[in-house]
Every structure is written in C-alpha cells, then in structure tokens.
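Engineer: Need a 3D model of the following:
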Amino acid sequence: MTKSSFKWRQVMAITLLCSLSSVLSAKTIPSTVTLPDSIGTTGDSVTWVKQLKKYCEGPASDSNGVMFFTEQGGRNSDNWPIWKIDPSNPSDTGEVFLLESSQANGLLFDKDGKLVAAQKGKITRFNADGSVDKVLAQSGNGATFNKANDLSIGTDGSLYFTDLNTDIFYVSPKGELSSVLTNANGPNGIEYIEETKSIFINETKTNLVSRYEQGEKGLLINRTTFISEINIPDGATFDEQGNYYSASFMDGTIYVFNTAGVKIGSIAIHTPTSHDNTMTGIRGNTSNCAFGGPENKTLFITGDGGLFSIKLKIAGRRLPNQTVPSRRILSSPSFLPESFSVFANIGSPVLLFQGNSSTAYKVYDLSNKYIGMYNQSMDGAWNFQSGFFLLKK
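Structural biologist: Numbering: from 1, shown residues only. Next comes the predicted model:
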C-alpha cells in the first residue's frame, strides 16, 4: 500500500467517524407522541438538543433559527445562564450567551431581532453581544412586580408579561408600565394575539387557560375560559392554524388544543428529574415551548434536562422577528397613498400601511370574491388566508 493510499484511507476513516459522531450527537429521549396527521406523526421521536442537569425555560428562536433558552439556578443567585444553540449545526454544542441574567425566565425577540428577557424586577432588551440595549420595564416605575415570568410582544413594541402572582402587566408602545389585571390565579404563560386583540393566560392555581380581550390602554376585559384541563399549565405557543400548545408542568407533557379549546394531541417527554426541582412531575417537568427551525416547523421544548425538539408538519404562528420566505410585493393601485404596501406572504399574507388615512378599502381575492373591509383603524395589520388580494375603494 502506498503512503498516499494509506493517507487517503485515513482521511476517509476520519470523515466517516465524524459523520457517525454527528448522527450519534442527535440523541433522542424516551417520549410518547400522539398527534393528528395534520400536525405531526404519532409515535415520532423527540430529540434531545441540549443536555443540562438543571431545569430550563424560555425557548425563543432568532431570525436565523438559533435557539435561546434559560437555565435556572438557585433562588438567591443571579447565575441563571441564557444559552444559545444552532440546532441545524450538529457540531454546535451550545454556548452561554449571558451568565448572570438576573434570574431570566421567559425570552422572545422583538421586531428588530433583539432578545427581550423577563427578569427579576425588570424586562430587558439585549444587543447581539449580550450587552444591555434598554430596560423596557422596571418594577416601581408605573407598577410593582417581583420576578417577571413570561412575556409576549406586539409588532408596535407593546408587551404583556406575568410574574406568577395575581397581576398582568402591560408596557405600552410609548414604554409606559401598568398593571392591567389584578385577579388572575397564578398567571404563568401568556400569548398576545395582536391581530384579534386577544390575550391567552395560563393560570397555574386553577389549571385553566383564560382568554381576554384587549381594552383601552391595554386593559384585559371580557374573560372567558378557553381550556380547563391542564395539570399546572406553564408556557405556551400557537401554530399558524390557531392550535394551542401548552406545557403541563406536572405531567411532563405538551398538550395540543384546537381553536375551540379541545385537546387533540400530546407530546409526553420522559425527562430526568432536575437536581433543583422540588415539584417533580410524573415524567419530570416541562416548562415551555416555541416554534423555530426550517420553515418554522420544529417545536422546541424546555424543562428538566435542557432543550428538546420535534419536527412537525405545521408551522408556528409568525412572531414579530420572524420573516417569511418568498415574499412578494404587489403593485399598489394608483388611488392608494404612497406609504401603502401590500404584502402576500407564504403562509400568512399581511396587508400593511402607514399614515393616518381613515379610508376603508374593500378586500377581494383574485377571482374578485369579496372578503372584507380593511382600514387604518385596524392598527395597520390584518392577516388573511394564504393568497394574493386586491383592494378597492
């Protein structure tokens, strides 16, 4: 055998070992998956993306698909790291984005792609290097709260957040903090649906999910019960069809509910018990979930043991920082103001325009079928079903 042949075989062997290592690094965890065919595959496996010994929270995807989440430390310590990891890169084992995070819990990204964290006594927005960009809310400046738990943000910069006590808090687009509800029962996960002015709140003390309407100055009004069968509901998210995915803290499960609040599926993960967790569930504990990954069709889950994922057939609801590929801009009719833009996005077309025009437009599909009315009073955004649209006076 020649030296060149020997070296070539060495290179091939190393390449094969590296490939095998990459495959083996995508470890699965025992799980029980039961989902309708439109959402996922029953019996599918759950991937263990990042293994950690402690209880984790707050999954959030940036616009490049990199996942961020928090690892909870001791009650009296600020050493609750915010991790980041690129699940699409087999060699990425994760790194600490911010070590001392002031007990960060829920995370999300705003429309400018900056990370926003719910922390002890404050809500903070971070730059890409982990430095503080701005403190968006501070306890005592308009309202008093303890440890912010979960949060949800709108395209105009307004946000709602919880602190596991009884109040729900609101930060207006102008940065004004206020308490907008005072009688919630252990509010935890919160989802603000800007298009319908709806707010969904997971209430841990009553094991239910409440739905509220948004009133003036962000006040929560007209409460109804959306779901009443979750064993300590924690964090939650929506998919693009309006199905609701909620973590059950004590069941170690993500339950899936349709738009009527009827349970249609579950993802039960047999997680290891966290060293610091004193309320161990029947399969360990799950805390939260969020969509990310290619086409926004991967559900990421946090809880005991780190970060997990499962590929689904449906995309998550588009969040303020998430762009939709293959966006086309339609030509605006001559009667529309120059600032008017019509977007047709794959999966979630959105009509947007700026200015103070009060003119109402009739919306038609391309077959000239009337759909509804659209005007500036709708806060500048209205989602339709997939497709292209025509606007007429």
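Engineer: where does the stretch 201-350 of the chain have low pLDDT?
Structural biologist: Scanning the stretch 201-350 of the chain for pLDDT under 70 picks out the ranges 273-283, 323-350.
Engineer: What are the boundaries of the strands in it?
Structural biologist: 208-214, 220-227, 233-238, 244-248, 253-257, 263-269, 286-292, 298-311, 328-330, 340-344, 350-353 (DSSP state E, counting those that start in this stretch).
Engineer: what does the stretch 51-200 of the chain give?
Structural biologist: Counting by DSSP E, counting those that start in this stretch, the strands of the stretch 51-200 of the chain are 67-71, 82-85, 95-98, 107-109, 115-119, 122-126, 132-138, 151-153, 159-162, 168-171, 177-181, 187-193, 198-203.
Engineer: Just send the ones you listed back as JSON lines, with mean neighbour count too.
Structural biologist: C-beta here means a position set from N, CA and C on the backbone, and glycine is covered the same way. Converted to JSON lines, the strands of the stretch 51-200 of the chain look like this (neighbours: other CB atoms under 10 Å):
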{"stretch": "strand 67-71", "mean neighbour count": "27"}
{"stretch": "strand 82-85", "mean neighbour count": "21"}
{"stretch": "strand 95-98", "mean neighbour count": "16"}
{"stretch": "strand 107-109", "mean neighbour count": "24"}
{"stretch": "strand 115-119", "mean neighbour count": "25"}
{"stretch": "strand 122-126", "mean neighbour count": "20"}
{"stretch": "strand 132-138", "mean neighbour count": "16"}
{"stretch": "strand 151-153", "mean neighbour count": "24"}
{"stretch": "strand 159-162", "mean neighbour count": "27"}
{"stretch": "strand 168-171", "mean neighbour count": "25"}
{"stretch": "strand 177-181", "mean neighbour count": "19"}
{"stretch": "strand 187-193", "mean neighbour count": "24"}
{"stretch": "strand 198-203", "mean neighbour count": "24"}
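Engineer: To residue 220, which of the ones you listed lies closest?
Structural biologist: strand 177-181 (4.3 Å; CB to CB).
Engineer: who's in contact with the closest one?
Structural biologist: 137-138, 141-143, 160, 167-172, 187, 212, 217-220 (CB atoms under 8 Å, 6 or more residues apart in numbering).
Engineer: Need the strands of the stretch 201-350 of the chain in JSON lines (columns: mean neighbour count and distance to residue 87).
Structural biologist: Listed next are the strands of the stretch 201-350 of the chain as JSON lines, based on neighbours: other CB atoms under 10 Å; distance: least, CB to CB, whole Å:
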{"stretch": "strand 208-214", "mean neighbour count": "20", "distance to residue 87": "28"}
{"stretch": "strand 220-227", "mean neighbour count": "15", "distance to residue 87": "29"}
{"stretch": "strand 233-238", "mean neighbour count": "25", "distance to residue 87": "17"}
{"stretch": "strand 244-248", "mean neighbour count": "26", "distance to residue 87": "18"}
{"stretch": "strand 253-257", "mean neighbour count": "24", "distance to residue 87": "17"}
{"stretch": "strand 263-269", "mean neighbour count": "20", "distance to residue 87": "16"}
{"stretch": "strand 286-292", "mean neighbour count": "27", "distance to residue 87": "8"}
{"stretch": "strand 298-311", "mean neighbour count": "25", "distance to residue 87": "6"}
{"stretch": "strand 328-330", "mean neighbour count": "12", "distance to residue 87": "29"}
{"stretch": "strand 340-344", "mean neighbour count": "18", "distance to residue 87": "28"}
{"stretch": "strand 350-353", "mean neighbour count": "18", "distance to residue 87": "27"}
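Engineer: okay if I get these as JSON lines plus distance to residue 155?
Structural biologist: Formatted as JSON lines, these follow (distance: least, CB to CB, whole Å):
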{"stretch": "strand 208-214", "distance to residue 155": "14"}
{"stretch": "strand 220-227", "distance to residue 155": "19"}
{"stretch": "strand 233-238", "distance to residue 155": "16"}
{"stretch": "strand 244-248", "distance to residue 155": "21"}
{"stretch": "strand 253-257", "distance to residue 155": "25"}
{"stretch": "strand 263-269", "distance to residue 155": "29"}
{"stretch": "strand 286-292", "distance to residue 155": "17"}
{"stretch": "strand 298-311", "distance to residue 155": "22"}
{"stretch": "strand 328-330", "distance to residue 155": "18"}
{"stretch": "strand 340-344", "distance to residue 155": "13"}
{"stretch": "strand 350-353", "distance to residue 155": "9"}
